[in-house]
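Any chance you can model this:
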Amino acid sequence: MRYFVTGATGFIGSRLSKKLLERQGSVVYFLLRSHKRGMMAPLLGRWGVSAERVIPILGDLTQPLLGISTADLDRMRGQIDHMFHLAAVYDLKASAQAQEAANVQGTRHAVQFAHDAQVGCFHLASSIAAGGLYEGVFREDMFDEAENLEHPYFRTKHEAEGIVRRECRRPWRIYRPGIVVGDSRTGEMDKIDGPYYFFKPIQGGRLNLVPVDYVVDAMDHIAHKSGLDGRCFHLTDPDPRRVGDVLSIFAHAGHAPPLSLRLNARMFGFIPESLRREIAGLTPVRRIGEQLMKDFGLPPHIMTFVNYPTRFDCREAQQALAGTDIRVPPLEGYAWKLWDYWERHLDPELSLDKTLSAAVKGKVVLITGGGAGIGKAAALKIAAAGATLIVVDREEERLRALGKEVEDAGGRIATYLCDLTEFDQCDQMVKKLLEEHGAVDVLVNNAGRSIRRSIEHSFDRFHDFERTMRLNYFGALRLTLGLLPAMQKKKAGHVINVSSIGVLTNAPRFSAYVASKAAMDAFARCAASEFADDGIAFTTINMPLVRTAMTAPTRIYEQTEMLTPEQAADLIVKAIIERPDRIATRLGIFAEVVHAVAPKISHIVMNTAYRMFPESAAALGLKDAAAEPQLSPEQIAFSQLVRGFHI
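Below you'll find the model as predicted:
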């Protein structure tokens, strides 16, 4: 037999063509765009046949008669036994214009070709989408009854069927597959669509899923069975699963926790449709919904399938397949294969460049306090990743040494000598920086001052609180306010504040330090809300204790486990790449939760730490740090328990 196939290079079409070529003596002509001639060799390898049995016909779906030349039309006229029209836009995210051109006009052009070429039988690969969002059971003999066809994909699939039913003068058959997923034997799939969007959140209505091998085998069998012209066949699962069941099956396949709570969307059916639309149209509701879909990596249209109201009767297809072993396999038997293939080949995370280089290359990154400690470690990593690095520090010698180290390694760096506690210096530096570099893409407020001294030893030291606020809050704030206008103009920017775990734990002896850091945290939360639609992100890093010059005066920290500056810099790198609202250790978050739900317990724990550990020699005004006692085994054990806490 001789076949003509459109969409032969596609997911279903390539498999159907291979199936047709397994028939003795069969020859497959297939439509091919001129710029895709390079696909011939891979197709021949996939199909495992010689070039004499696979004949490409150059053309274009969007052109009359499929854009096929007169010579090729003459060659095929009266020679084609079966024509399979599979070429279409199957992407639910495609524009309405693209779907109209391919699905509607493309089908009309395919029917024109079928007439001119005098094909034996025209086979249309339609979709259950042709029934729209019909409320109830949609039978194979139903067409005009389709309803709720507002979505371009539903509408164009319905109109394409209408063209075949009204205009095709050759014998025809129509196939409506369900939501086609990967091969039940190998899991192979070519793109993410339909239920695959839910794979990422795993790490109501019913979903009618069918594996591609079932669709191909069913089409091949029904197409060659006599007496079935002028009919439609639902290639669907006779026992479709609810969305919750499908997600549970895939959750099990992906080794994720099972769904323990399910809500049926119909429980909200008592709310009038007009009211639901009004609520959904409210700007806050709409924006929250858009953000949630974005966070989960889901396109808005996918919710259509969560509440899919239609069930598809497939008795005609089942009767045509009677006596064969062609049937929809249970999802439980092949879900793990789909998941495995998706995880290895289609997971969007695989194609994302989540490196620091991808995040900062060619961008301007400013780090304050970058001459030593955490700032220097982060600066070296960021410069090595290809950023234009700007470092602000109050010590000229440190800036000179860092600049040489970065340049010797091939990096680009600009250094600015500035004491952020001197506001005139800060303003002058911001003006010069903007003149020389334009907007800053990433600002890392890292410069800080810490004081470990209890309140009872600070009654006459109000200046401690002024000093920490002047740098940790007012200095960082003044710099941020100076750079935000340029970020806002670009509609892009990222402000990272290196805060402290002490803000979460309410650390005793650090009231001056924690209060200043908490002030900047609060500013960032407010700013994040104001600039959410300006493309500017704010990230707070509640940094645990880090072994730097800042912690050196406290001798008891010598026996306490801390992060290294390089490990702390990795948290800044993580913030730059992922742009989260907050980065904190699990212990820090736990401490914050305990304080929120049981503050008295939190007070007892932290008071125990306060009484267990002594004041430092510096806090007591002693010059001899050696006077500080060594930690007892009990103190060491407690410090291990609250690892990273300020004690």
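
Counting neighbours, what do you get for D245?
Look at D245: counted by other C-beta atoms under 10 Å, it has 16 neighbours. All C-beta atoms are positioned from the backbone trio N, CA, C, and that covers glycine.

Tell me which residues of whatever helix or strand it lives in come out buried.
Element membership for D245 (DSSP states H and E) is helix 243-253. Within helix 243-253, the residues scored as buried using 16 or more other C-beta atoms under 10 Å are V243, G244, D245, V246, L247, S248, I249, F250, A251, H252, A253.

now swap in stretch 63-70 and tell me
Buried positions in stretch 63-70, judged by neighbour count with 16+ other C-beta under 10 Å: L65, L66, G67, I68.

quick one: which of those is nearest V216?
Nearest to V216, judged by C-beta to C-beta, of these is L66 at 22.4 Å.

ok, that closest one - contacts?
Contact analysis of L66 by C-beta atoms under 8 Å, 6 or more residues apart in numbering lists T6, L31, G59, D60, H109, A110, Q112, F113.

What about these, which are in helices?
Of the positions in the contacts of L66, H109, A110, Q112, F113 sit in helices, assigned by DSSP state H.

The second one: neighbour count?
The reference is to A110. Count around A110 with other C-beta under 10 Å applied: 29.

Go ahead and confirm it touches T6.
Yes. Counting by C-beta atoms under 8 Å, T6 is a contact partner of A110 at 6.0 Å.

Which neighbours do the two have in common?
Common contacts of A110 and T6 (C-beta under 8 Å, 6+ apart): L61, L66, H85, A87.

Can you tell me which of these comes closest to V212?
Using C-beta to C-beta, A87 comes nearest to V212 of the shared contacts of A110 and T6, at 16.2 Å.

Okay, the closest one and A102: tell me how far apart.
Applying C-beta to C-beta, to the nearest Å, the value for A87 to A102 is 7 Å.

Quickly list what's touching both of these two.
L61.

out of these two, which sits in the busier spot?
For the pair A87 and A102, the greater number of neighbours falls to A87 (24 against 21), based on other C-beta under 10 Å.

so what's the backbone phi/psi at R173?
The phi and psi values for R173, taken as degrees, to the nearest 10, are phi -140, psi 140.

My understanding was that it contacts F233; is that so?
Yes. The criterion here is C-beta under 8 Å, and R173 meets it with F233 at 7.1 Å.

More neighbours: these two, which one.
More crowded of R173 and F233, by other C-beta under 10 Å: F233, with 25 against 22.

residues touching that one, list them.
Going by C-beta under 8 Å, 6+ apart, F233 touches E140, R173, I174, Y175, R176, A218, I222, C314, E316, A317, A320.

how about those residues in JSON lines, adding secondary structure, pLDDT and distance to T415?
Compiled in JSON lines, the contacts of F233 are given as follows (DSSP: H, G, I helix; E, B strand; the rest coil; pLDDT from 0 to 100; distance: C-beta to C-beta, whole Å):
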{"residue": "E140", "secondary structure": "coil", "pLDDT": "96", "distance to T415": "74"}
{"residue": "R173", "secondary structure": "strand", "pLDDT": "97", "distance to T415": "74"}
{"residue": "I174", "secondary structure": "strand", "pLDDT": "97", "distance to T415": "71"}
{"residue": "Y175", "secondary structure": "strand", "pLDDT": "97", "distance to T415": "68"}
{"residue": "R176", "secondary structure": "strand", "pLDDT": "96", "distance to T415": "67"}
{"residue": "A218", "secondary structure": "helix", "pLDDT": "97", "distance to T415": "69"}
{"residue": "I222", "secondary structure": "helix", "pLDDT": "97", "distance to T415": "74"}
{"residue": "C314", "secondary structure": "coil", "pLDDT": "95", "distance to T415": "71"}
{"residue": "E316", "secondary structure": "helix", "pLDDT": "96", "distance to T415": "77"}
{"residue": "A317", "secondary structure": "helix", "pLDDT": "96", "distance to T415": "73"}
{"residue": "A320", "secondary structure": "helix", "pLDDT": "96", "distance to T415": "77"}
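
mind checking pLDDT for E135?
pLDDT, E135: 89.

Buried ones only from the ones in helices among the contacts of L66, please, as a PyMOL command.
Entered in PyMOL, the line below selects the buried ones among those, by 16+ other C-beta under 10 Å:
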select buried, resi 109+110+113
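
Which one of the ones in helices among the contacts of L66 is nearest to K404?
Nearest to K404 out of the ones in helices among the contacts of L66 is H109 (C-beta to C-beta; 67.8 Å).

Isn't that closest one up against H85?
No. H109 is beyond contact range of H85, at 9.6 Å (criterion: C-beta under 8 Å).

thinking again about what came up before, point out the ones among the shared contacts of A110 and T6 that are inside helices.
Among these, none falls in helices (DSSP H).

Quick one: these as JSON lines, columns for pLDDT too.
Listed next are those as JSON lines, based on pLDDT from 0 to 100:
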{"residue": "L61", "pLDDT": "94"}
{"residue": "L66", "pLDDT": "96"}
{"residue": "H85", "pLDDT": "97"}
{"residue": "A87", "pLDDT": "93"}
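
And the buried residues of stretch 63-70, which is closest to D144?
Using C-beta to C-beta, L66 comes nearest to D144 of those, at 27.9 Å.

helices or strands up against the strand or helix carrying K18?
Counting by DSSP H and E, the element that carries K18 is helix 11-21. Using 3 or more C-beta pairs under 8 Å, 6 or more residues apart in numbering; DSSP states H and E as the contact test, the elements touching helix 11-21 are strand 2-6, strand 27-32, helix 40-47, helix 212-223.

at 6 Å what do you get?
Contacts defined by 3 or more C-beta pairs under 6 Å, 6 or more residues apart in numbering; DSSP states H and E place helix 11-21 against strand 2-6, strand 27-32, helix 212-223.
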